[in-house]
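K.L.:
predicted coordinates and the sequence they were generated for:
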Amino acid sequence: MKVGIVGNAADKFTEVTEQSAKMMIRRILKPGDILVSGGCHLGGVDIWAEEIAKELGCYDPDYIHLPKVRRWEGGYKQRNLKIARDSDIVYVIVVAEYPPGYRGTRFTWCYHCQTDDHIKSGACWTAKKAANLGKSTVHCIIGSEGGILDEW
């Protein structure tokens with residue numbers, strides 16, 4: 001199965017939530033799966049998924065879709081659409097809240113999902129596109145203490 005795993009960048013995680021994300025990735029990937037992801041230059045879920053996929057023998061570089069440029073049009077949008085098309089299922093791993101000391105842009109809600117139960121991620125847009133193609137999607141929301149708060 002081609003398994004899309006996408007989510008927040010590294011700066012959205014604490015040490016505790018990072019470990020939970022990695023544990024979730026290890027539960028998702030099974031022998032014979034191929035990881036589909038986006039190789040985010042900011043680290044986080046994409047890169048952790050690649051590292052774990054390599055360990056588990058689920059890595060094929062042809063399914064890691066890097067953006068051609070670091071902007072929406074001509075870059076991230078097309079990359080995310082490739083992930084949606086290539087995946088049989090897309091898992092989104094996001095955190096419920098920003099970590100202490102986070103200095104980046106903040107959003108009060110995920111406008112892709114129309115919810116405030118997790119912070120915004122382009123991964124949610126990717127999952128929405130996958131769902132529009134008839135693919136299964138799963139959102140995994142990690143709380144600040146590291147537990148899975150919700151999975152839908």
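P.N.:
Ah, there it is. What you see is a predicted model, and the numbers here were worked out from it, not measured in a lab.

K.L.:
doesn't residue 91 fall inside a strand?
P.N.:
Yes - counting by DSSP: H, G, I helix; E, B strand; the rest coil, residue 91 is found in a strand.

K.L.:
show me what contacts it?
P.N.:
Contacts here follow CB atoms under 8 Å, 6 or more residues apart in numbering; on that basis residue 91 touches 3, 4, 5, 6, 7, 24, 28, 137, 138, 139, 140. The way it works is simple: take the backbone N, C-alpha and C, and place the C-beta from them, glycine included.

K.L.:
wait, is the second one part of a strand?
P.N.:
Yes - judged by three-state DSSP, residue 4 forms part of a strand.

K.L.:
quick check: the gap between the closest residue to it other than its chain neighbours and residue 14.
P.N.:
In space, and not counting its chain neighbours, residue 4 is closest to residue 87: 3.2 Å by CB to CB, 6 or more residues apart in numbering. Using CB to CB, to the nearest Å, we find residue 87 at a distance of 28 Å from residue 14.

K.L.:
more neighbours: which of these two?
P.N.:
residue 87 (27 against 19; other CB atoms under 10 Å).

K.L.:
pretty sure that one is touching residue 2, no?
P.N.:
Yes - the pair residue 87 and residue 2 qualifies as a contact (CB atoms under 8 Å) at a distance of 5.3 Å.
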